[in-house]
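> I need the structure of the sequence given here:
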Amino acid sequence: MTDRILVVLIALGCSLAVAVPGVVLLRLRRGWSVTVHVCVLIAVTVLAMAAGVVGTALAMFISPHDLSVLLTVVAVAGAVSLVAALWQGRRLAAASMWSAEARRRERQLEASRRELVAWVSHDLRSPLAGLRAMAEALEDGVVADPGTVGEYHRRIRTETDRMAGLVDDLFELSRINAGALRLSLSAVPLGDLVSDAVASAEPLATAKRVRLIAAAGDWPVVRASEPELSRVLANLLRNAIRHTPPDGTVSVSGGRDGADGWFAVTDACGGIPEADLPGCSTWRSVARPRAPRGRPAAVAAGSASPSCVAWSRRMPAR
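A predicted model of the protein is given here:
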């Protein structure tokens, strides 16, 4: 019994002499990657076992030949075990890292879904509340003046059109996110498209006391999807007019650049803050509050901006 206790103590001491420094090293180097941690842990485990066997063998009175055989067996078995454990450990570490990344992406997606639902609910609540109030006023006879009744009907139709546009934009966003966006390209006279967009935006510019002009130039015929390109230009004009102060100017220019065509909308809003530039092409940017009057804003409220970015990237015209 005494010899067995002695063997246990020798093996324990030799193993701890290797294992304790390894554990301390791992605790001190917490910033290492998961792969390095797994490899070090496996190496410490195998070396601690080998140290216990070798230390016990050296303390025993065995022949040099038997000691040599034992050391050879421990060296070979330890090397094979270490290589196999490291190979499998790297796979486990990679799987662990992949699982952690998948969980992180899942949390981000869930947060994005919650933000999108909250934004859509907020954006739909205001027009619905207005529609309900106007409908109740008409139903209860609170509004009887023909002019006011006609104004209520016009506002109901306007809000309905705006909500329909919002639903269409959300559908387009879902197609874009799903990678199902397909554009039908054709020859589009850029000058006619700009003229129509400026004419459509003129009432909004007049109401905001903003001067809206289209620069004369050599407008090319571009290969693009006319409906989507029209919505891109209309969105740019609405944003420019909305954020340009009264008596300011919004201008549309364009031309040729080699085989390409381009157009640009210039406003007087003061520019986009540099911190907001990375988010201008995502749907999160449209959920931000509108900037107060006189201060620059990155994007107008509404979900068309990310859709327009996706459309413009898919079309040859710039």
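
> okay, Val299: pLDDT?
pLDDT recorded at Val299 is 34.

> whoops, I mixed them up, Ser68
On the pLDDT scale, Ser68 gets 82.

> Check which helices and strands the one helix or strand it maps to is in contact with.
Assigned by DSSP states H and E, Ser68 belongs to helix 64-139. Contacts defined by 3 or more CB pairs under 8 Å, 6 or more residues apart in numbering; DSSP states H and E place helix 64-139 against helix 34-59, helix 146-177. Where you see a C-beta, it was placed from the backbone N, CA and C, and this is true even at glycine.

> any idea which of those is most buried?
Among the helices and strands packed on helix 64-139, helix 34-59 has the highest mean neighbour count (mean count of other CB atoms under 10 Å), at a mean of 18.

> for Ile213, phi and psi?
phi -130, psi 150 (degrees, to the nearest 10).

> again, but for Ser251
Dihedral angles for Ser251 - degrees, to the nearest 10 - are phi -130, psi 150.

> is it true that it touches Ala214?
Yes - using CB atoms under 8 Å, Ser251 is in contact with Ala214, at 7.3 Å.

> buried set for stretch 188-204?
188, 190-191, 193-194, 197-198, 201 (16 or more other CB atoms under 10 Å).

> Run through the residues that contact Gly78.
Gly78 is in contact with 46-47, 49-50, counting by CB atoms under 8 Å, 6 or more residues apart in numbering.

> My understanding was that Val40 contacts Pro21; is that so?
No - between Val40 and Pro21 there is no contact under CB under 8 Å: 10.9 Å.

> returning to that earlier point: of the contacts of Gly78, closest to Gly130?
Closest approach between the contacts of Gly78 and Gly130, by CB to CB: Val46, at 72.4 Å.

> Not counting residues beside it along the chain, what's closest to the closest one?
Once flanking residues are discounted, Val46 sits nearest to Leu82: 4.7 Å by CB to CB, 6 or more residues apart in numbering.

> And that neighbour, how far from Ala57?
Note on Leu82: its distance to Ala57, by CB to CB, to the nearest Å, is 19 Å.

> same check, this time on Leu193
Counting by CB to CB, the gap between Leu193 and Ala57 amounts to 88 Å.

> try Ala234
Relative to Ala57, and taking CB to CB, Ala234 is found at 85 Å.

> got a markdown table for the helices and strands packed on helix 64-139, with mean pLDDT and distance to Arg4 too?
As requested, those are exported to a markdown table (pLDDT from 0 to 100; distance: least, CB to CB, whole Å):
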| stretch | mean pLDDT | distance to Arg4 |
| --- | --- | --- |
| helix 34-59 | 77 | 11 |
| helix 146-177 | 80 | 68 |
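
> Give me the helices and strands touching the helix or strand hosting Ala264, please.
Counting by DSSP H and E, the element that carries Ala264 is strand 260-266. Under the contact definition 3+ CB pairs under 8 Å, 6+ apart, strand 260-266 sits against helix 190-207, strand 221-224, helix 226-243, strand 249-257.

> Throw the ones you listed into CSV and include mean pLDDT and distance to His65, thanks.
Formatted as CSV, the helices and strands packed on strand 260-266 follow (pLDDT from 0 to 100; distance: least, CB to CB, whole Å):
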stretch, mean pLDDT, distance to His65
helix 190-207, 88, 93
strand 221-224, 85, 86
helix 226-243, 84, 85
strand 249-257, 87, 86
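
> Turn these into TSV, columns for distance to Thr148.
Shown next, in TSV, are the helices and strands packed on strand 260-266 (distance: least, CB to CB, whole Å):
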stretch	distance to Thr148
helix 190-207	20
strand 221-224	44
helix 226-243	27
strand 249-257	33
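
> per-domain residue ranges of the protein.
Following automatic domain parsing, one finds the domains of the chain at 2-103, 117-177, 186-314.

> JSON lines please, covering those domains and showing distance to Glu110.
Below are the domains of the chain laid out as JSON lines (distance: least, CB to CB, whole Å):
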{"stretch": "domain 2-103", "distance to Glu110": "10"}
{"stretch": "domain 117-177", "distance to Glu110": "11"}
{"stretch": "domain 186-314", "distance to Glu110": "15"}
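
> Among the buried residues of stretch 188-204, which one lies nearest to Arg114?
Ala201 (34.5 Å).

> Name the nearest residue to the closest one, sequence neighbours excluded.
Nearest non-adjacent residue to Ala201 (CB to CB, 6+ apart): Leu237, at 4.3 Å.

> distance of the one you found from Trp262?
16 Å.

> ok, these two, which is more surrounded?
Taking neighbours as other CB atoms under 10 Å, Leu237 and Trp262 compare with Leu237 leading, 23 against 14.
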